[in-house]
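>>> Got a sequence here, can you model it:
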Amino acid sequence: MITPVYCDVIDESVTISGKRKEATYGGCRQFFLNLARVIQALTLAFVHELTGFVEGADKQSPLAILGIQLHFGIIPAIYLAIGVLIFWKFYDITPKKSKQIQEKLREMQI
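Here you go, the predicted model:
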């Protein structure tokens, strides 16, 4: 869904400002993708440190196994819920609004 949403945002931006700003939005998108990678790495390190995960060990403690399971379930669910709430709060482009934006772009001959 990233690409359709990204396109809608760029189209709306053009209708508001009259200027194409794909590079600006591309830079913002890349910043947040990299920020997500940093948050992922910090989360992994924090949980592994907290649960006593030992890299390369044949057996892990029950707490370390719980930490691994958290990485596969609860933690991604929490981050997903945060993302959904942010998206729900700020993304206001409905199908009707999208059609209006497309009409305006045609009028602007863009």
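
>>> Identify the residue nearest the geometric centre of the protein.
Central residue of the chain (C-alpha atoms, centre = their mean): Gly83, 6.4 Å from the mean position.

>>> Now do the strands in the protein.
Assigned by DSSP state E, the chain shows no strands.

>>> what about the helices in it?
Assignment of helices within the chain using DSSP state H yields the ranges 2-17, 22-51, 62-72, 74-90, 95-108.

>>> Which of these has the lowest mean pLDDT?
Note on those: lowest mean pLDDT is at helix 2-17, with a mean of 90.

>>> what's the angle between it and helix 74-90?
Counting by axes from the mean of the first three to the mean of the last three C-alpha atoms, to 10 degrees, helix 2-17 points 30 degrees away from the direction of helix 74-90.

>>> Give the other helices and strands that helix 2-17 contacts.
helix 22-51, helix 95-108 (3 or more C-beta pairs under 8 Å, 6 or more residues apart in numbering; DSSP states H and E). Heads up, the C-betas are built off the backbone N, CA and C, glycines and all.

>>> if you set the cut-off to 6 Å instead, what comes out?
Helix 2-17 sits against helix 95-108, with contacts defined as 3 or more C-beta pairs under 6 Å, 6 or more residues apart in numbering; DSSP states H and E.

>>> now what about the helix it packs on, what contacts it?
With contact meaning C-beta atoms under 6 Å, 6 or more residues apart in numbering, helix 95-108 is reached by Asp8, Asp11, Glu12, Thr15.

>>> What is the neighbour count of the last one?
Pointing back at Thr15 there. Neighbour count of Thr15, defined by other C-beta atoms under 10 Å: 16.

>>> who touches it in this structure?
By C-beta under 6 Å, 6+ apart, the neighbours of Thr15 are Ile101, Lys104.

>>> measure Gly52 to Ala77 for me?
23 Å (C-beta to C-beta, to the nearest Å).

>>> If you could redo that for Lys21, that was the one I meant.
From Lys21 to Ala77 the distance is 34 Å (C-beta to C-beta).

>>> Between these two, which is the more surrounded one?
Between Lys21 and Ala77, counted using other C-beta under 10 Å, the more crowded position is Lys21 (14 against 11).
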